[in-house]
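Chemist: predicted model and sequence follow; I will ask about them next.
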Amino acid sequence: MKSASLNRKAVRSMCGSLIVGAALIATSAVTYAQTSLDAGTHPLTRAEVRHELEELESVGYNPAAGDDPDYPAALQAAQHRLEVKHQEERNALASTDPTSPAKAAH
């Protein structure tokens, strides 16, 4: 009798632990999903990732470098060069636009 009672307690304890574990996993998944949606972002499409990679390669980034010891720094430098390139393009576009506030100020 004593062992049957202990077995029932052990089974109840395991079931309780499984329920708590499942609840934690579900809560984590919901929290992650809400955080992603709250940020106003969407999952990147394959085309968007390809476009970003092509842009980074256009400013000298080489993803085929393999085990590059300068990996994070090289990528960050390429991202910075790309941002500078985009800013220059925006400035050039604004300087040729006759309705641009910068052009009107001259």
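Modeler: Thanks, I have the structure now.
Chemist: for the chain, which segments count as helices?
Modeler: For the chain, helices defined by DSSP state H occupy the ranges 2-38, 46-58, 71-96, 101-104.
Chemist: distance of residue 73 relative to residue 97?
Modeler: Taking CB to CB, to the nearest Å as the measure, residue 73 falls 36 Å from residue 97. (Glycine included, C-beta is placed from N, CA and C.)
Chemist: check residue 68 too.
Modeler: 40 Å.
Chemist: can you check residue 90 too?
Modeler: 10 Å.
Chemist: how many neighbours does residue 77 have?
Modeler: By other CB atoms under 10 Å, 14 other residues sit near residue 77.
Chemist: so, low pLDDT: which residues of this structure?
Modeler: Across the chain, the ranges flagged by pLDDT under 70 are 1-7, 9-39, 100-106.
Chemist: quick check: domain ranges of it?
Modeler: 1-43, 44-106 (automatic domain parsing).
Chemist: you'd agree residue 65 is up against residue 75?
Modeler: No - counting by CB atoms under 8 Å, residue 65 stays clear of residue 75, with 10.2 Å between them.
Chemist: those two: which has the busier surroundings?
Modeler: Per other CB under 10 Å, whichever of residue 65 and residue 75 has more neighbours is residue 75, with 14 against 11.
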